[in-house]
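K.L.:
Starting from these lines, generate the structure:
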Amino acid sequence: MFGLKADWSLEVFERYFTLGDYAGGEARWCSGCGDFAVLNTVHRVLRDAQVAPEKSVAVSGIGCSSRLPHYMGTYGLHGLHGRALPLANGVKSRRPDLDVWVATGDGDCFSIGAGPWLHSLRLNMDMVVLVFDNAIYGLTKKQTSPTTPAGTRTNTHPTGAPMPPINPLTITLGVTNVSFVAQVVDWNPPLLYETIKAAHEHRGTSFVRILQRCPVFSESFCKPLQDNPARFVLLEHEDGIQIDDNVKRIYSNVVEHDPSDWLAAMKYARDDENLPLGLLYKNTDAIVYEDVSSQGIGKTNEEKIAAVNAAFDKFAI
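P.N.:
Residues are numbered from 1 along each chain as shown. This next block holds a predicted model:
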């Protein structure tokens with residue numbers, strides 16, 4: 001214009017995301033709650049992976065852990081009790097391009113959400129599932145949960161929980177097509193980070209059980225474990241979680257475990273006296289269901305109608 005060649009191109013600067021880009025509202029858990037450590041770790045993993053906040057979504061059900069989407073600077077869905085995983089599967093089915101995170105708890109996932117838990121593991125859609133397990137219903141003030149140790153006094157069982165707790169690791173490992181099973185504690189930041197990072201890098205449903213402190217309603221669950229690292233077996237392998245030497249020095253029992261060995265994974269999962277930390281099982285060949293469910297995304301309505309009519313025509317006389 002005016003004798004000059006018009007150039008309407010704009011210089012686009014490369015975006016770099018900081019921790020603040022992934023932070024949402026001010027976290028309001030109880031003082032000393034392990035949820036803070038998990039939230040901060042998720043922020044760090046996203047920052048280090050440089051996933052755009054608008055390409056991430058946090059999904060949850062009901063419970064203390066399920067407040068996590070409110071504290072994320074990403075998209076979020078705070079769903080119904082026990083229904084975080086069906087919501088997350090729906091998101092991934094229609095938007096496979098999104099980075100999906102699920103925050104759930106021992107009550108939310110293993111009790112009212114037990115059905116979705118098992119079926120979602122089998123679908124193996126690409127998402128990170130973080131189970132905050134403090135062995136109590138914390139948000140509703142100290143009721144027995146599926147992982148509450150027998151004998152623990154709660155508001156539902158004042159004289160002590162009468163039943164032995166379920167074992168989420170053995171149940172998860174027993175589901176067909178499961179692809180990633182890990183366990184970690186919230187009070188070991190380096191190991192927590194490396195475990196969640198490995199879960200995020202895995203393609204498929206990464207199930208991470210986090211033994212999580214609840215100093216208000218369930219101190220008897222994690223405090224003895226914090227005070228006695230000898231209760232744990234630290235699993236290491238070149239295909240497992242990358243473990244720093246400083247972390248190894250904390251635990252006296254460090255073993256070599258190939259995460260492709262399902263039988264060995266089940267052996268460690270069944271040991272109630274020596275609790276495993278790290279990656280128990282990984283199967284990169286498991287079917288990822290979104291590869292099936294996402295077929296046809298992007299087609300126009302006319303193309304979809306034509307496909308439906310063609311299918312009906314096969315049954316016409």
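
K.L.:
Only C-alpha atoms from now on, for both contacts and neighbour counts.
P.N.:
Fine.

K.L.:
Model confidence for the residue nearest the centre of the chain, exactly?
P.N.:
A centroid search over the chain (Cα atoms, centre = their mean) returns V129, at 1.8 Å, as the residue closest to the centre. In this model, V129 is scored at 98, pLDDT.

K.L.:
Can you show me the CA trace of the helix or strand harbouring it as PDB?
P.N.:
According to DSSP states H and E, V129 maps onto strand 127-133. Below are the C-alpha coordinates for strand 127-133, written out as PDB (Å, rounded to 0.1, in the frame of the first residue of the first chain):
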ATOM      1  CA  MET A 127      -4.000 -40.500  31.000                       C
ATOM      2  CA  VAL A 128      -2.400 -40.300  34.400                       C
ATOM      3  CA  VAL A 129      -4.500 -41.600  37.300                       C
ATOM      4  CA  LEU A 130      -3.300 -40.400  40.700                       C
ATOM      5  CA  VAL A 131      -4.900 -42.200  43.700                       C
ATOM      6  CA  PHE A 132      -4.400 -40.200  46.900                       C
ATOM      7  CA  ASP A 133      -4.700 -43.100  49.500                       C
END
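
K.L.:
Would you indicate which residues of the longest helix seen in the chain are buried?
P.N.:
Longest helix of the chain, by residue count under DSSP state H: helix 35-49. Neighbour counts over helix 35-49 (16 or more other Cα atoms under 10 Å) mark 35-47 as buried.

K.L.:
List just the nearest of those to S56.
P.N.:
Minimum separation from S56 among the buried residues of helix 35-49 (Cα to Cα) is found for L46, which lies at 8.8 Å.

K.L.:
From G240, how far off is the closest one?
P.N.:
Distance of L46 to G240, given as Cα to Cα, to the nearest Å: 20 Å.

K.L.:
Could you list the alpha-carbon positions for the helix or strand just after the strand holding V129 in CSV?
P.N.:
Later in the chain than strand 127-133, the nearest helix or strand by DSSP H and E is helix 168-173. The C-alpha trace of helix 168-173 is given here as CSV (Å, rounded to 0.1, in the frame of the first residue of the first chain):
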residue,chain,number,x,y,z
PRO,A,168,-5.4,-51.8,45.3
LEU,A,169,-2.1,-53.0,43.7
THR,A,170,-3.1,-56.7,43.3
ILE,A,171,-6.5,-55.8,42.1
THR,A,172,-5.1,-53.4,39.5
LEU,A,173,-2.5,-55.9,38.3
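
K.L.:
sorry, back to before: next up, the contacts around the residue nearest to the centre of the chain.
P.N.:
For V129, the contact set (Cα atoms under 8 Å, 6 or more residues apart in numbering) comprises W101, V102, A103, T104, T205, S206, F207, V208.

K.L.:
Mind doing that once more with 7 Å?
P.N.:
When contacts are counted by Cα atoms under 7 Å, 6 or more residues apart in numbering, V129 touches W101, V102, A103, T205, S206, F207, V208.

K.L.:
next one: G76
P.N.:
V57, A58, V59, P69.

K.L.:
what does L77 give?
P.N.:
For L77, the contact set (Cα under 7 Å, 6+ apart) comprises A58, V59, S60, P69.

K.L.:
mind pulling up the phi and psi values for the closest residue to E236 other than its chain neighbours?
P.N.:
In space, and not counting its chain neighbours, E236 is closest to E256: 5.1 Å by Cα to Cα, 6 or more residues apart in numbering. Backbone torsions for E256, taken as degrees, to the nearest 10, come to phi -80, psi 120.

K.L.:
can you count the residues close to E256?
P.N.:
Other residues near E256 number 11, with proximity taken as other Cα atoms under 10 Å.

K.L.:
do V254 as well
P.N.:
Count around V254 with other Cα under 10 Å applied: 16.

K.L.:
Spell out which helix or strand contains the closest residue to it other than its chain neighbours, please.
P.N.:
Sequence neighbours aside, L234 is the residue nearest to V254 in space, at 4.7 Å (criterion: Cα to Cα, 6+ apart). L234 belongs to strand 232-236 when assigned by DSSP H and E.

K.L.:
do A58 as well
P.N.:
A58 is part of strand 56-60, with elements assigned from DSSP H and E.

K.L.:
partners of that strand in the sheet?
P.N.:
Counting by DSSP bridges, the strands paired with strand 56-60 are strand 75-78 (parallel), strand 99-105 (parallel).

K.L.:
Kindly reformat those strands as a markdown table containing distance to V184.
P.N.:
Below are these laid out as a markdown table (distance: least, Cα to Cα, whole Å):
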| stretch | distance to V184 |
| --- | --- |
| strand 75-78 | 24 |
| strand 99-105 | 14 |
